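Colleague: Generate coordinates for the sequence data below:
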Amino acid sequence: MNPMLNPTAPSALLFFRVLADCGGRPAALLLDGGAGDSATLAALTAHAHVDALADAMPCLFRGEAVGDELAAALMVHGWRPLGAGTLCRVDERLVAEFLPRGTEWVDGDWCMAPPPKASGAQAASRVTALQMVQLVARDAATHEIEALLRRDPTLSYNLLRLVNSLGVGGGRRITSFSQALLLLGRQQLRRWLNLMLFAARQGDVRSNMLLARVAMRARALELLAKARGLDKNTQEQAFMAGMFSLLGVLFGLPLAEVLAPLALGEAVHGALLRRDGELGMLLTLYEAAEKGDLDGAGVQVDGLQIDRADFNEAMIDAALWMQGAVRESQAGHG
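Modeller: Here you go, the predicted structure:
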């Protein structure tokens, strides 16, 4: 039966796939929609952030997949149908010269391929960023964070550059680490560290897309934990689980090996390595949606007693948060 004609059909789920341009940079969003009452998705176009998504980057949908009602509603908000022959899936190394003629957008798991060998300085900078994430997670004193920053000129330079570019100093130039950390605040510092872990590295074409993917994961898991009714501390852990879930891909090492030096709590550690507990279930749910299995994700959403409308709103907000993360990364490395 057509779910549009079935009043008992569950609300459809939506998910946003981040598409790259031919150079591997995050460049567009593609709407995925699962089986269910698609009229509920059309209603979501009234969400304030739907316009904002299309303002930040091209937002696309498959005309044959969404139905006339949703297509019309999306186009009012600046979304447009995916052009025939413009999308290419790549699951191996991305080489622009090998893409079919007419390709504008690249989907697939090419960014999950093993990384090129990082230079010693690049690897050290990522390790320092990881150590800083730990300090922020346990609410360490500012002087501890400042001491770590002093060991990494690249990381400290980019921090000062970010704070100055944000204008949080009221027009003053920020010249000390302690001043920058105070003005930035811990929540913004956490977000920035996420960017620095996955920020573009010379010779690693995967970095930009890995940043986009991990930003979506981290924010989505945080919001899903909130929708599940979990407390603020668990929401923070959900963010960390999403952020750390691709560290093995980033470093080209088994995730357990990357996590070994980090003093992670058991909830995050178990979720990442064994998909244990509430956080593990949320990560499994997100991974199902990311793989395009929205019907399977719907079963998990219902099993977790998360309202489907809350799931959809979380995906919209996570996509918007990802766009901001990508912009900040580009501003900090432009």
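
Colleague: Mind checking the pLDDT average for stretch 242-252?
Modeller: For stretch 242-252, mean pLDDT rounds to 87.

Colleague: for R217, what are its contacts?
Modeller: G242, M243, S245, L246, L283, Y286, E290 (Cβ atoms under 8 Å, 6 or more residues apart in numbering). C-betas here are computed from N, CA, C, even on glycine.

Colleague: What is the helix or strand the second one falls within packed up against?
Modeller: When elements are defined using DSSP states H and E, M243 is found to belong to helix 232-244. Applying 3 or more Cβ pairs under 8 Å, 6 or more residues apart in numbering; DSSP states H and E, one finds that helix 232-244 contacts helix 120-137, helix 186-198, helix 207-227, helix 266-274, helix 277-290.

Colleague: Return the most buried member of these.
Modeller: Among those, helix 207-227 has the highest mean neighbour count (mean count of other Cβ atoms under 10 Å), at a mean of 25.

Colleague: Using CSV, write down the CA coordinates of stretch 238-252.
Modeller: Taking Å, rounded to 0.1, in the frame of the first residue of the first chain, the C-alpha atoms of stretch 238-252 are listed here in CSV:
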residue,chain,number,x,y,z
ALA,A,238,27.6,10.5,22.9
PHE,A,239,29.2,13.4,21.2
MET,A,240,32.7,12.0,22.1
ALA,A,241,31.7,8.5,20.9
GLY,A,242,30.7,9.9,17.5
MET,A,243,33.8,12.0,17.2
PHE,A,244,36.2,9.2,18.1
SER,A,245,34.4,6.5,16.0
LEU,A,246,36.4,7.4,12.9
LEU,A,247,39.8,7.9,14.6
GLY,A,248,40.9,4.5,13.3
VAL,A,249,40.1,5.5,9.8
LEU,A,250,41.9,8.9,10.3
PHE,A,251,45.1,7.3,11.6
GLY,A,252,44.9,4.2,9.4
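
Colleague: Pull out the buried positions in that stretch.
Modeller: Under the neighbour-count criterion of 16 or more other Cβ atoms under 10 Å, stretch 238-252 has 238-251 buried.

Colleague: how distant is it from the center of its chain?
Modeller: Averaging C-alpha positions (Cα atoms, centre = their mean, to the nearest Å) puts stretch 238-252 11 Å from its chain's average.

Colleague: and what of stretch 272-292?
Modeller: On Cα atoms, centre = their mean, the centre of stretch 272-292 falls 14 Å from the chain's centre.

Colleague: mind showing which ranges of the stretch 101-250 of the chain have poor pLDDT?
Modeller: 118-126, 153-154, 157, 165-175, 199-203 (pLDDT under 70).

Colleague: can you map out the strands along the stretch 1-150 of the chain?
Modeller: 14-20, 26-33, 59-61, 80-81, 87-89, 105-107 (DSSP state E, counting those that start in this stretch).

Colleague: so what strands line up beside the second one?
Modeller: To tie it back to what came earlier, the one meant is strand 26-33. When sheet partners are counted by DSSP bridges, strand 26-33 sits next to strand 14-20 (antiparallel), strand 59-61 (parallel).

Colleague: Next, the angle helix 277-290 makes with it.
Modeller: 100 degrees (axes from the mean of the first three to the mean of the last three Cα atoms, to 10 degrees).

Colleague: So what touches strand 26-33?
Modeller: Outside of strand 26-33, the residues within contact range by Cβ under 8 Å, 6+ apart are 12-21, 41, 53, 57-62, 65-66, 70, 74, 79, 82, 87, 105, 107, 208-209, 211-212, 289, 292, 294, 319, 322, 326.

Colleague: what angle sits between it and helix 207-227?
Modeller: Using the same axes, to 10 degrees, the inter-axis angle of strand 26-33 relative to helix 207-227 is 40 degrees.

Colleague: So for strand 26-33, mean pLDDT?
Modeller: 92.

Colleague: just the third one next, same as before
Modeller: Computed over strand 59-61, the mean pLDDT rounds to 95.

Colleague: Would you mind saying which of the strands paired with strand 26-33 lies nearest A113?
Modeller: strand 14-20 (13.1 Å; Cβ to Cβ).

Colleague: what about D276, distance to L130?
Modeller: D276 is 22 Å from L130, where distance means Cβ to Cβ, to the nearest Å.

Colleague: Check H49 too.
Modeller: H49 sits 31 Å away from L130, going by Cβ to Cβ.

Colleague: ok, now A318?
Modeller: Using Cβ to Cβ, A318 is found at 23 Å from L130.

Colleague: ok, R186 - contacts?
Modeller: Taking Cβ under 8 Å, 6+ apart as the criterion, R186 is in contact with V136, D139.

Colleague: tell me the two of the contacts of R217 that are most distant?
Modeller: M243 and E290 (14.7 Å).

Colleague: Between the contacts of R217, which sits nearest L149?
Modeller: Distance to L149 across the contacts of R217 (Cβ to Cβ) is lowest for M243, with 19.5 Å.

Colleague: which non-adjacent residue is nearest that closest one?
Modeller: Leaving aside its chain neighbours, M243 sits nearest to A218 (4.2 Å; criterion: Cβ to Cβ, 6 or more residues apart in numbering).

Colleague: same thing with I145?
Modeller: L135 (5.3 Å).

Colleague: Around L182, how many other residues sit close by?
Modeller: Number of residues near L182 (other Cβ atoms under 10 Å) recorded here: 13.
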